[in-house]
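# quick one, what's the 3D model for this:
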Amino acid sequence: MDGSRRGRQGSPPAGARAVPPSPLPESGPPLYECPICHLSCTDYPVLQEHVELHLDECSILEGRNLNDLELAEHLQNEEDRQRRTETARQEKDDFQKLQRQYGLDGSGGYKQQSLKAMTKEVDFGRMQPSEYHRRKADMLESLALGVDDGKTKTSDISPVPCIPKIQTQIEDAWKEGFDPQGASHFNSRLQGTKAWIGACEIYTLLTFLKLKCQIIDFHQPTGSSGTHPRLFEWVLNYYSSGKDSNGKVMSTSKPPIYLQHQGHSRTIVGIEERKNKSLCLLIFDPGCPSEEMQKLLKGIDGNNLKLFRRLPGGLKHKQYQIVSVDGVLTEEEKVARRQASQFFIAQKIP
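Below is the predicted model of the structure:
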């Protein structure tokens with residue numbers, strides 16, 4: 001072989017064959033050129049072996065490339081499978097969290113929760129078995145009558161429907177055609193669950209009972225530091241209309257306002273306007289101990305009102321909804337509102 005005429009070497013083209021090349025037209029011994037790397041050689045058998053080496057190398061590279069491709073595809077498929085598995089697991093966890101959050105996880109309703117709480121009291125020795133059975137009988141009787149047993153309300157006030165009774169009434173409203181979207185969301189069932197009763201369900205219940213009401217949605221903060229001054233202004237205007245006196249304490253026939261935020265609901269029963277024009281809501285909170293609520297029956301003063309005052313800095317959830325009542329519906333108005341509830345739209349502020 002003549003190294004002085006060594007050409008560029010490269011990968012053989014696919015399907016190349018060792019074809020006997022024609023000798024180069026030169027003087028002296030005939031020269032044969034490799035069709036792949038253009039190497040010149042005077043010995044044809046040697047050149048043939050040289051070309052076959054090229055072809056063998058090509059086969060090895062093709063096999064190696066094929067193996068690399070199969071490995072890459074396998075790794076990609078495995079990565080996709082793991083990602084799908086993780087996504088499915090995350091979706092399942094998120095769904096279960098939402099079920100627990102909204103009380104739709106099948107862990108029992110008001111009755112089951114009450115019995116479970118009393119059973120724990122007996123187990124810890126804080127309640128005698130006789131007391132357990134007495135309170136259980138009282139609870140079952142109150143559930144049968146549909147009236148609060150006094151555990152979740154202030155005594156000596158007009159009878160209040162118990163939670164299961166309210167759930168039943170909302171289900172009855174759904175059966176009559178109110179809020180089909182809400183009924184579908186809860187699968188038309190509230191009894192025996194811990195599902196949240198929100199502003200839409202309260203609106204549905206009150207409208208079903210022929211009370212004229214509205215939902216106001218304060219869907220975003222309107223003040224600094226995430227506060228809602230527009231909500232306070234709305235409540236002030238609500239209670240200022242129809243006031244009976246111009247003294248320091250003004251009475252009104254306006255009913256309380258239902259206040260809802262994420263995970264909790266409370267009742268606005270009044271508002272204070274101070275000398276500097278700052279506003280303070282008076283709120284009854286069901287999370288407040290009943291002993292504290294009982295103090296209001298003995299007299300109201302500045303000290304026991306501290307528990308119920310809420311300044312703007314105390315209401316900093318992202319969104320609040322209120323339900324206010326403003327009269328009674330005629331049968332025709334009730335039918336019209338039932339039809340309108342097919343597409344629930346709340347008044348938004350701002």
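# show the pLDDT at residue 153.
At residue 153, the predicted lDDT confidence score is 56.
# quick check: buried residues in the helix or strand where residue 269 lies?
Assigned by DSSP states H and E, residue 269 belongs to strand 264-273. Within strand 264-273, the residues scored as buried using 16 or more other Cβ atoms under 10 Å are 265, 266, 268, 270, 271. (C-beta placed from N, C-alpha, C; glycine too.)
# as CSV, those residues with distance to residue 325 and pLDDT would be great.
As requested, the buried residues of strand 264-273 are exported to CSV (distance: Cβ to Cβ, whole Å; pLDDT from 0 to 100):
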residue, distance to residue 325, pLDDT
265, 15, 92
266, 16, 95
268, 12, 97
270, 15, 93
271, 17, 94
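# next SSE after the helix ranked longest in the chain?
Longest helix in the chain, counting residues (DSSP state H): helix 44-101. Once the chain leaves helix 44-101, the next helix or strand it forms, by DSSP H and E, is helix 110-123.
# so what does that next one touch, helix or strand wise?
helix 129-145, helix 163-175 (3 or more Cβ pairs under 8 Å, 6 or more residues apart in numbering; DSSP states H and E).
# list the buried ones in that helix?
Of the residues in helix 110-123, 110, 111, 114, 115, 118 count as buried by neighbour count, 16+ other Cβ under 10 Å.
# export the residues you listed to TSV and append columns for distance to residue 162.
Supplementary listing: those in TSV, determined by distance: Cβ to Cβ, whole Å:
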residue	distance to residue 162
110	7
111	10
114	10
115	15
118	16
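# from the residues you listed, pick the one nearest residue 230.
Using Cβ to Cβ, the shortest approach to residue 230 within these belongs to residue 110, at 34.8 Å.
# on that earlier part again, nearest to residue 223, of the buried residues of helix 110-123?
The closest of the buried residues of helix 110-123, once distances to residue 223 are taken by Cβ to Cβ, is residue 110, at 36.9 Å.
# domain ranges for the chain, per the record?
32-62, 199-241+252-349 (the TED database).
# check which residues of the shortest one are buried.
Looking back up the chat, that one is domain 32-62. Under the neighbour-count criterion of 16+ other Cβ under 10 Å, domain 32-62 has 32-37, 39-41, 47-48, 50-51, 54, 58 buried.
# how far does it sit from the chain's center?
Chain-centre distance of domain 32-62: 69 Å, with Cα atoms, centre = their mean, to the nearest Å.
# what mean pLDDT does it have?
76.
# just checking, residue 172 touches residue 209?
No. Residue 172 lies out of contact with residue 209 (Cβ atoms under 8 Å); the separation is 10.0 Å.
# go through stretch 315-323 and flag the buried ones.
315, 320, 321, 322, 323.
# hang on, the second one packs against residue 260?
By that I understand residue 320. Yes. With contact defined as Cβ under 8 Å, residue 320 counts as touching residue 260 (6.9 Å).
# returning to what we had before: need the buried residues of stretch 315-323 in TSV (columns: distance to residue 292).
Below are the buried residues of stretch 315-323 laid out as TSV (distance: Cβ to Cβ, whole Å):
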residue	distance to residue 292
315	20
320	24
321	26
322	24
323	25
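# now for those: which two are most distant?
For these, with distances taken as Cβ to Cβ, the pair at the greatest spread is 315 and 323 (16.2 Å).
# spit out the contact partners of residue 305.
Taking Cβ atoms under 8 Å, 6 or more residues apart in numbering, we find residue 305 in contact with residue 282.
# helix/strand/coil for residue 29?
At residue 29 the chain is in coil, as set by DSSP: H, G, I helix; E, B strand; the rest coil.
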